[in-house]
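>>> Got a predicted structure plus its sequence, pasted below:
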Amino acid sequence: MRREARLAVVLLAPSLLLLVALFYLPQLLLLAVSFGHRSAYGGVERALSLENYARALEPMYLAILGRSLGLAAFSTLACLLVGFPFAWWLARRVPARSRSALLALVVLPFWTSFLVRMYAWIVLLRSEGLVNLALVALGLPRVELLYNDFAVLVGQVYGELPFMIVPLYVSLEKLDGALVEAAADLGASPARAFWSVVVPQTLPGIAAGCLLVFIPSLGAFLAPDLLGGGRTTYIGNLIQNQFAVARDMPFGAALSFVLSLLVVVLLLVFRRPLKAAQEL
Amino acid sequence: MQGALAVRGLSKSFRSQPAVRDVTLEIAPGELVTLLGPSGCGKTTLLRLVAGFERPDAGTLTISGRDVTAVPPHKRPVNTVFQHYALFPHRDVAGNVGFGLEMRGLAAAEIERKVAQALALVRLEGFGARAVSELSGGQKQRVALARALVLEPELLLLDEPMAALDPKLRHEMQVELKNLQERVGITFLFVTHDQHEALLLSDRIAVMSQGRIEQVDAPEALYEKPRTRFVADFLGVQNLLRGTVGELSGGIARVVTEGGLVIAAQDDGGYRKGAPVCIGLRAERISLVERAANVLEGAIDDEIFLGDWTEWRVRTGGSVLSVGEGNVLARDRRRGDSVTLSFPPEAVLRLEDGGAAA
């Protein structure tokens, strides 16, 4: 037992050290900053005040938070609707030997930086972009695709889709095909078999995929900046602005913690399906 | 015609690999028919075609007089007990048994009543609220049975339902299943690779090999009169010999085997003088002592002790024959001992040699 305990310490030490030094300590610093004041030249005056939090909860900022929740919810839903059929096809229709190659293709975009991939979407969506050129060639009118909420959603869905597909794939691959056949055998139409057997059986994968897409989407700032043209402000842009442009670190820190708190609350709400997801 | 199944000219290939070839089979209402054969013989594919999980390439399927060849599985009057039961892990026992009734849109009270009845039928009263993961193998099998029977199917399909049970429990469940089938009077189509199970349960057995049905017969007829070398081999006929038909006289055919033995066989009219023939001989029909029409001199080559009886491997001419002797009567024999073998002509089975068997 003592040997095992020692072994556990040795094995955990590197990751614990990394977490403490690069995550918990900075978070504590940020927490301290969030209670401070902005000094005249963009520095931080130490204080113990809740004024930044009060400001973060003003209607204007709550509206931005609400818009971010909407973007995250829409991205998650779109990823689920796009990802599920693909994951189903990959896990249950593709022969086993080709699956890992196709799964690698799903993850391949991660080899390129997110920033570069967003610029690639600009090339595709702009008024002289590939999509519009194709429309014009077909004799159709040009469509304004870039610098609006649609473009932001496209960028988010594109960027986060692999995070949805991978957990869905894992749980769909584990789904016993005999259960689906049993449902049909007992009189369930394909749609009913889907809702009464496939969905409950793959709920862990659905929950994991949704969270993996929802949480990063909530704090998204790159896609809104580049594809939305900064016309619409999301909470991620707001926070980034406080640190990089407005030089109001205490307010930015308070906004960050409000966002983190929201995520923690959501994690608590979805505690049960998430627990199932850990068994994946 | 309620509960009758008619399969006509059914064929199914997977990636140009034939699994079921031109199968024709008629099952009467209330009959228990077994599809028996080694793995890969097409028996499970045939069952899946009847259930509707696979679409046939050719042929027709009729259930209770209605052509269901193009009917999807959820609209067929057929239910299945799956090999590994396929119980829904996210539903409790009652939720599993009631699933089909829910799909039919029955009222909750009606479902509850029927589920309780079905659980009583398989002797699982009071198990409704249990989780599937809490059940033993035998209990899972009963739940799977109840889940299928509660819908009162016209035909129940069972895909090796005993394969996952330990041998003692398997025997109990076989007897129980047989009783249950007689009580509910539903037609059963049962898939197994276990000949003992098939002999115990079936009204008729269809032996399958390489996608075809080799022989369909009642268990006794199949055991006593296997028609082909494959069926004889699969049903444990230990001695299979190839030879040529010699003299035919007085209802007796003399077969000269490849090993040089001359064996007198009862002529059923199928022997043709000078034609090649395959014959089979059950070890338990050969006696080591009495004199009879076939008397062969040999020497004991090997001994296989099987508990109740001993299988002696006797070298005679160029062949080695298996000879069974009950241990009650067994003499003290050793390897190399000279023995005399005898058996009556009726014991010799004339077999069609399709070359399917090893």
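Right, received. Where do you want to start?
>>> And for the spatially closest residue to residue A:189 that is not a sequence neighbour, the neighbour number?
Leaving aside its sequence neighbours, residue A:189 sits nearest to residue B:74 (Cβ to Cβ, 6 or more residues apart in numbering or on different chains; 5.6 Å). Any C-beta I mention is one placed from the backbone N, CA and C, and that applies to glycine too. Residue B:74 has 18 neighbouring residues, counting by other Cβ atoms under 10 Å in any protein chain shown.
>>> who's in contact with residue B:74?
Counting by Cβ atoms under 8 Å, 6 or more residues apart in numbering or on different chains, residue B:74 touches A:184, A:185, A:186, A:187, A:188, A:189, A:190, A:193, B:103.
>>> Pull out the buried residues from those.
With burial judged by 16 or more other Cβ atoms under 10 Å in any protein chain shown, the buried subset of these is A:184, A:185, A:186, A:187, A:188, A:193, B:103.
>>> about what we covered before: can I assume the residue nearest to residue A:189 sits in a strand?
No - Residue B:74 is assigned helix when assessed by DSSP: H, G, I helix; E, B strand; the rest coil, not a strand.
>>> Need the pLDDT of it.
Looking at residue B:74, its pLDDT is 96.
>>> Give me every residue in chain B lying close to chain A.
B:51-53, B:72-75, B:78-80, B:82-84, B:86-90, B:99-100, B:103-104, B:147-148, B:151 (Cβ under 8 Å from any Cβ of the partner chain).
>>> Let's have the contacts of residue B:74 in JSON lines, adding secondary structure and pLDDT.
Shown next, in JSON lines, are the contacts of residue B:74 (DSSP: H, G, I helix; E, B strand; the rest coil; pLDDT from 0 to 100):
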{"residue": "A:184", "secondary structure": "helix", "pLDDT": "97"}
{"residue": "A:185", "secondary structure": "helix", "pLDDT": "96"}
{"residue": "A:186", "secondary structure": "coil", "pLDDT": "96"}
{"residue": "A:187", "secondary structure": "coil", "pLDDT": "95"}
{"residue": "A:188", "secondary structure": "coil", "pLDDT": "96"}
{"residue": "A:189", "secondary structure": "coil", "pLDDT": "96"}
{"residue": "A:190", "secondary structure": "helix", "pLDDT": "95"}
{"residue": "A:193", "secondary structure": "helix", "pLDDT": "96"}
{"residue": "B:103", "secondary structure": "helix", "pLDDT": "95"}
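>>> quick check, nearest of these to residue A:27?
Of all those, residue A:27 sits closest to residue A:193, with 46.1 Å by Cβ to Cβ.
>>> sorry, back to before: can you redo the buried ones among the contacts of residue B:74 as TSV with distance to residue B:248?
As requested, the buried ones among the contacts of residue B:74 are arranged in TSV below (distance: Cβ to Cβ, whole Å):
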residue	distance to residue B:248
A:184	57
A:185	54
A:186	59
A:187	60
A:188	62
A:193	63
B:103	64
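>>> ok, of the residues you listed, which one's closest to residue A:134?
Nearest to residue A:134 among the buried ones among the contacts of residue B:74 is residue A:193, at 39.1 Å by Cβ to Cβ.
>>> How about the closest one: what's its closest non-neighbour residue?
residue A:183 (3.8 Å).
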